[in-house]
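S.K.: build me a model:
(2 chains)
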Amino acid sequence: MTGRRPSGVLFVLPALVLLVVFVFIPLVGVLGLSLTNLDLYSLANTANLHAIGAENYLHLLRDRRAWQALAATLAVVVVGVPATLVLSLISALMIESIAERWRGLFRTALFVPVVCSTVAIAIGWRYLLNTRFGLVNHLLRVLGLGAPNWLGNPHLAIIAITIVVVWKGFGYGMIIVAAARREIPEELYEAARIEGAGVRQRLLRITVPMLAPTLGLLALLDVSGYWQLFAEPYVLTRGGPLGSTTSLLLLMYDRGFLWWRWGAASAIAVVLTAMMWMFAWAQRHARADWRGE
Amino acid sequence: MKAVLSRAVRVAVLGAVIVVCAGCAHTPCGLTVWAIGSEAGALERMVPGFEASRPGVLVCVQQLPWSSAQVRLLSAVAAGDPPDVAQVGDTDLATLVALHALRPEPRIAGDFFPAALRVARFDGVSYGVPWYIDTRLLFYLPGILRRAGFARPARTWSGWVKQMRAVQRILHRGQYALLAPTNEAEFLEVLALQEPAPMLRDGGRYGNFASASFRRALSFYRSLYAQHLAPRISNRQLINLWWEMARGDFVFYVSGPWNIGEFRHFLPPHDQDLWMTAPMPGPDGPGVSTIGGSDFVIFRASAHAELARQFIRYMLADKQQLRLYELTGDLPARRGVWHLPPLAANTKLRAFRAQLNRVRPFIAIPEWNEIMSGMRRMAARVAAGDASVRGATRRFDRTVDGWLAARRELLAHAPPSNAASAARRTRPSEAR
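M.R.: Coordinates of the predicted model:
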């Protein structure tokens, strides 16, 4: 760690240059745009372009659709991230415990959603969730549980979106967790067994703490991914019913690319970025605290 | 290390050179045409005929998807590199006109439907040539309607509702008299157009949705769901609309001419008699409907305006208009073509011809699509019982007024006409 050499800078430089050109400069640009009224009329004639201060942000504060989009996105993050982590952990431990010859099959099956195109998956789920012909409702009817209108009911639609997002996402975590699990030295379990620790104790006292850094990393990745929810609601519901599945990114897309209000759309982008940074920061601190105990 | 670096530099430079040269390469296209969706496919097949009549001219057709056509056209205009000719959906025309991107066209002579010409005209100047047109009317199942005791669809709202109630009584559970997807704004737009007061007031400066006219249309719309004559579903929840309709799941559906082709495609030949078309009923007598479709436009930046004009004229000849109809099912914008055999013989088109003579154009401003999208959300909330007609329309007026603020500001600095001309006048230095 100590002997830092200038050649290190050289290796980091290409990535750094790309980051600055394609991330930091656009970010500053978006921040600047969010303080203007850039729209169709100012594109037609730059004399119509004005700096309007925080007006776009103040407008967001009063905008019911923006609050609704924030709530919907937050719901997917708050419910989806823990659900993904738990499912990743459980599936990874189960995969590791089954016989070697079947392991590959299950691992592949559970990983397939991750590598599939989100649009293809969303179209598939649209069929599964169809009220009248869908497999999900067919099974529910067989069990005598009625046939809910999954994508037509505002409360159910956001749940359906969360299910699809988690289902697509957990396979990635599973692979990472399974790899990390294999890194835990067997001696720890042997020692625990000799000391008389049961299955539950071994899980909670050895496996989970040893996997904590991995789970923390996955949480960070999932949080940043789920905040940027877009393709699933775009294909499954197009933001409906009654705007219940309009995510912040979808709202930004509509305002910026459909209605030409680039200033207003940039303000949403800035808010979204700020939210993600806040979450990442809080998470880092939570992890540091936890480790400090 | 040094050798590796210098090799990397050489590769990078080579790459940069290739990229730059691809950009600066001279294109061999004599005329670049951007078209959208299946129309682009049809255009590609008609282009060889045009090229054959003009040796040495190469026409390049670029296909855009409907979902992003407008974004790409706008980006091309913003980047100063638009095509020569493009197909533009006529509700998108106002945006390009506001951007001062289109060449004002001398009226291309032809027997066009007058309403189609009107939507392409801004402040007295024509910016597009109608290529094909559409309108919304009733698709229905004559068999079930007859079983309910009616020979043909009613001409008035009240008569129509009576028919729907009678139909609903003989349908099975889970079947409905009307399909009116809550995410399609067009049905409500038709109902609103049938009322006297326009949806925007003061020359498109303010929303007029709280007017008695619009509230009457919205109340009628809501009553159809409240009486369980239509299910509260979106069109995303349909698997195969045509097949479901032929089963009797829905008896009436308000939609456009593309569904003629879809019904023909999805239903077997012996089921083609199951469905029929009829003009829209109105509040008291035959009702008006929307006018839609696509126009050809020529961009101001084009250096081949004369060739572009010849191209458009070629595509609007009888033969090509018929070919377009055969390839896509699009309805010709020129009335004369409708008297020619393939169209005249099609019984499902008769209602369209009648309806196209009874249409009312939309208010052609750049914000119109956004307003219609907002109206759809507002209507869905009212249909779901989440908001009252009066409260929802008042709040929607305020929302629309907010969207139109930039437009009002622009108009305040220009004589009262449309935004397009206002944008044009604010920069006289760029006048032709």
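S.K.: so what's the spatially closest residue to residue B:312 that is not a sequence neighbour bridging to?
M.R.: Nearest residue to residue B:312, sequence neighbours excluded (Cβ to Cβ, 6 or more residues apart in numbering or on different chains): residue B:296, at 4.6 Å. Heads up, the C-betas are built off the backbone N, CA and C, glycines and all. Listed by DSSP bridges, the beta-bridge partners for residue B:296 are residue B:87, residue B:129.
S.K.: I'd say residue B:296 and residue B:310 touch.
M.R.: No: using Cβ atoms under 8 Å, residue B:296 is not in contact with residue B:310; the gap is 11.8 Å.
S.K.: looking only at neighbour counts, state which of these two leads.
M.R.: Per other Cβ atoms under 10 Å in any protein chain shown, whichever of residue B:296 and residue B:310 has more neighbours is residue B:296, with 25 against 16.
S.K.: so who does that one touch?
M.R.: Contacts of residue B:296 were listed using Cβ atoms under 8 Å, 6 or more residues apart in numbering or on different chains, and they are B:85-88, B:128-129, B:131, B:312, B:315.
S.K.: a strand runs through residue A:27, doesn't it?
M.R.: No: assigned with DSSP: H, G, I helix; E, B strand; the rest coil, residue A:27 falls outside any strand and is helix.
S.K.: list the contacts of the helix or strand that contains residue B:97.
M.R.: Element membership for residue B:97 (DSSP states H and E) is helix B:93-98. When contacts are defined by Cβ under 8 Å, 6+ apart, helix B:93-98 is touched by residues A:40-41, A:44, A:260, B:70, B:73-74, B:77, B:88, B:102, B:119-120, B:122, B:127-128, B:295, B:297, B:364-366, B:368, B:418-420, B:423.
S.K.: identify the residue nearest the residue of the stretch 51-200 of chain B found nearest chain A in space, chain neighbours excluded?
M.R.: Using Cβ to the nearest Cβ, residue B:99 is the residue of the stretch 51-200 of chain B that sits closest to chain A, at 4.8 Å. Residue nearest to residue B:99 in three dimensions, not counting chain neighbours: residue A:44, with 4.8 Å by Cβ to Cβ, 6+ apart.
S.K.: and what of residue B:175?
M.R.: Closest to residue B:175 by Cβ to Cβ, 6+ apart is residue B:249, at 5.1 Å.
S.K.: quick one: residues contacting that neighbour.
M.R.: Counting by Cβ under 8 Å, 6+ apart, residue B:249 touches B:174-176, B:179.
S.K.: just the buried members of the contacts of helix B:93-98?
M.R.: Buried subset of the contacts of helix B:93-98 (neighbour count, 16 or more other Cβ atoms under 10 Å in any protein chain shown): A:40-41, A:44, A:260, B:70, B:73-74, B:77, B:88, B:102, B:119-120, B:122, B:127-128, B:295, B:297, B:364-366, B:368, B:418-420, B:423.
S.K.: strands along the stretch 51-200 of chain B, start to end?
M.R.: B:59-64, B:85-89, B:121-122, B:125-126, B:129-134, B:137-140, B:176-179, B:200-201 (DSSP state E, counting those that start in this stretch).
S.K.: dump those into TSV; add mean pLDDT as well.
M.R.: Shown next, in TSV, are the strands of the stretch 51-200 of chain B (pLDDT from 0 to 100):
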stretch	mean pLDDT
strand B:59-64	94
strand B:85-89	95
strand B:121-122	90
strand B:125-126	92
strand B:129-134	94
strand B:137-140	96
strand B:176-179	96
strand B:200-201	95
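S.K.: give the contact list for residue 61.
M.R.: The chain I'm using is chain A. Per Cβ under 8 Å, 6+ apart, neighbours of residue A:61: none.
S.K.: switch to chain B, please.
M.R.: Applying Cβ under 8 Å, 6+ apart, the residues near residue B:61 are B:33-35, B:40, B:43-44, B:47.
S.K.: so which of the residues you listed wins on neighbours?
M.R.: Top of the contacts of residue B:61 by neighbour count (other Cβ under 10 Å): residue B:43, with 27 neighbours.
S.K.: distance check, that residue against chain A.
M.R.: Going from residue B:43 to chain A by Cβ to the nearest Cβ, to the nearest Å gives 25 Å.
S.K.: no further questions, thank you.
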